[in-house]
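coords below, sequence missing:
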């Protein structure tokens, strides 16, 4: 069973690693990192680089397609080759997993119209614009499409999908393997219950010159 | 403020990325990935590669030292240059963060004797052998040493440390930024309450030929 994880410039690392850490450990799964070409791809902080070694061509046939999010989604939404890869790989795949605002990439690839999905709390309206019904859920399944909320929700969504593929016993073992017994130091209610001033702070940062400057910084490693 | 994240062959990616995703976003933090030499380092699955671009020499002076764990710890424990780097960087650092069985590396570097720490549930006895009092906690602070339990606990420990450095308001914003409102699909009590047969399954896997075969596999990318 082939798991193909899509990398693009400006991905958020935890969108990937939370689900990867679970799904890559399913017996029989062969994990690959896929991008438009082989090489190092820079995460949104520009300080973390991850290696892609399969291309849209070599990873066209996959059993699980994994699409993360990140600030780089804004640019990726205008990349027809990336969107075409998502559409083609999804058509051939048994499961597609979209995390955070990566669900918008699924939308732009034409995969979520008429479906029910979840996404990052700050991207709900933009994802709904692709014709999806957006739930404020941590993870959600609609047919062969599993979606997760923001960033760290990749763990919960990955475990949920691992349970669908390998059964609950195996998923419980994987959960213990990654010791997922969360104890958020600052409460764990829900983004919808977070104070408005904290939400406003994050929304303001996302579109700020400071955030833009981070994304424009040159990574300390060679990346396309 | 410089954050130096140590990479070594066979690290567990979520041990790093959970805490990185929070700490790298603290205002004024400059994050670096450090190894014995620059280049790609392979994670424990052999399928994920992450880039190191600072060395033990260039990253000797750091404000936050971040030591992850993984199956590669077994080999790293016998690497005197790596242990020496940990000891030197810790001596100069304001904070040291150890995650999972990476806490054993802190022990072998002579940093935890007489201290109270936490670690991965399956490494408690081995970590205690370095003279530490080991708690079954998700994260713990003893002086300038913050330790986290297994793998995904890097998120909780990272948020806790972010709160110590930047204050609770900022840490709450970071928690919302990574949307850390966990909803483990298969319950979230504690590893100590997990059924013995699941714990036994994981302990058996960790020392199995199958696990050894994974670690012996050649990564699909050039790695030292």
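That came through, no problem. Just so we're clear, the structure is a prediction, and the values are computed from it rather than from any experiment. Residues are numbered from 1 along each chain as shown, chains lettered A, B, ... in the order given.

Which pLDDT value goes with the closest residue to residue A:133 other than its chain neighbours?
Excluding the flanking residues, the one nearest residue A:133 by C-beta to C-beta, 6 or more residues apart in numbering or on different chains is residue A:116, at 4.5 Å. Where C-beta positions appear, they are placed from N, C-alpha and C, glycine not excepted. The model reports residue A:116 with a pLDDT of 98.

State the phi and psi torsions of residue A:116.
With angles defined as degrees, to the nearest 10, residue A:116 sits at phi -110, psi 130.

Any idea how far stretch A:190-200 is from the middle of the chain?
Distance, stretch centre to chain centre, for stretch A:190-200: 22 Å (C-alpha atoms, centre = their mean, to the nearest Å).

Please see if that stretch touches chain B.
Yes: for stretch A:190-200, a contact with chain B is found by C-beta under 8 Å from any C-beta of the partner chain, at A:190, A:191, A:194, A:198, A:199.

Would you check that the residue nearest to residue A:133 makes contact with residue A:143?
No: here residue A:116 does not reach residue A:143: they are 9.6 Å apart, not a contact under C-beta atoms under 8 Å.

which of these two has more neighbours?
Higher neighbour count among residue A:116 and residue A:143: residue A:116, with 16 against 9, using other C-beta atoms under 10 Å in any protein chain shown.

what's the most distant pair in the residues of stretch A:190-200 next to chain B?
Greatest spatial distance in those: A:190 and A:198, 12.9 Å, computed using C-beta to C-beta.

Compare these two (neighbour count), which wins?
More neighbours surround residue A:198 than the other of residue A:190 and residue A:198, with 18 against 15 (other C-beta under 10 Å).

How much space separates the residue nearest to residue A:133 from residue A:122?
As judged by C-beta to C-beta, to the nearest Å, residue A:116 and residue A:122 stand 19 Å apart.

cool, residue A:58 as well?
Counting by C-beta to C-beta - residue A:58 and residue A:122 are separated by 34 Å.

the more surrounded of the two?
Between residue A:58 and residue A:122, residue A:122 has the larger neighbour count (other C-beta under 10 Å), namely 18 against 12.

check which helix or strand covers the closest residue to that one other than its chain neighbours.
Spatial nearest neighbour of residue A:122, chain neighbours left out: residue A:203 (6.0 Å); criterion: C-beta to C-beta, 6+ apart. If you go by DSSP states H and E, residue A:203 is part of helix A:196-206.

buried sites along that helix?
Residues of helix A:196-206 classed as buried by neighbour count (16 or more other C-beta atoms under 10 Å in any protein chain shown): A:198, A:199, A:201, A:202.

Stretch A:165-181 too?
Under the neighbour-count criterion of 16+ other C-beta under 10 Å, stretch A:165-181 has A:165-166, A:170-181 buried.

now do stretch A:50-65
Of all the residues in stretch A:50-65, those buried under the rule 16+ other C-beta under 10 Å are A:50, A:51, A:52, A:53, A:54, A:56, A:59, A:62, A:63, A:64, A:65.

can the helix or strand harbouring the first one be found next to chain B?
It refers to residue A:50. Per DSSP H and E, residue A:50 falls inside strand A:49-52. Yes: counting by C-beta under 8 Å from any C-beta, chain B has neighbours in strand A:49-52: A:49, A:50, A:51.

Give me the contact list for the lowest-mean-pLDDT helix or strand in chain A.
Within chain A, confidence by mean pLDDT, DSSP states H and E is lowest for helix A:196-206 among all helices and strands, at a mean of 83. Contact with helix A:196-206 is made by A:71, A:121, A:122, A:191, A:211, B:169, B:172, B:173, B:176, B:177, as judged by C-beta atoms under 8 Å, 6 or more residues apart in numbering or on different chains.

which one of those is nearest residue B:41?
In terms of C-beta to C-beta, no member of the contacts of helix A:196-206 lies closer to residue B:41 than residue A:71, at 24.8 Å.

The closest one - how many residues pack around it?
Counted with other C-beta under 10 Å, the neighbours of residue A:71 add up to 20.

same deal with the one 3 residues further on?
Using other C-beta under 10 Å, residue A:74 has 14 other residues around it.

show me where chain A has helices.
All helices of chain A, identified by DSSP state H, fall at A:13-23, A:73-76, A:80-92, A:102-108, A:124-128, A:153-166, A:168-177, A:196-206, A:209-216.

Out of those helices, which gets nearest to residue B:96?
Once these are compared by C-beta to C-beta, helix A:13-23 is nearest, at 21.6 Å.

and that closest one, how far out from the chain's middle?
Averaging C-alpha positions (C-alpha atoms, centre = their mean) puts helix A:13-23 8 Å from its chain's average.

pLDDT on it, on average?
The average of the pLDDT scores along helix A:13-23 is 97.

and that helix, anywhere near chain B?
Yes: looking at helix A:13-23 against chain B by C-beta under 8 Å from any C-beta, the contacts come from A:13, A:14, A:16, A:17, A:18, A:20, A:21.

Without its sequence neighbours, what residue ends up closest to the third one?
Here the nearest residue to residue A:16 in space, its sequence neighbours aside, is residue A:68; by C-beta to C-beta, 6+ apart that works out to 4.6 Å.

Can you verify my assumption that that neighbour contacts residue A:104?
No: if you go by C-beta under 8 Å, residue A:68 and residue A:104 don't touch, sitting 11.5 Å apart.

okay, the two: which has more neighbours?
More crowded of residue A:68 and residue A:104, by other C-beta under 10 Å: residue A:68, with 31 against 26.

Could you pull up the residues touching the residue nearest the centre of chain A?
For chain A, residue A:68 is the residue whose C-alpha lies nearest the centre (C-alpha atoms, centre = their mean; 2.0 Å). By C-beta under 8 Å, 6+ apart, residue A:68 lies in contact with A:5, A:6, A:11, A:12, A:15, A:16, A:99, A:100, A:102, A:154.
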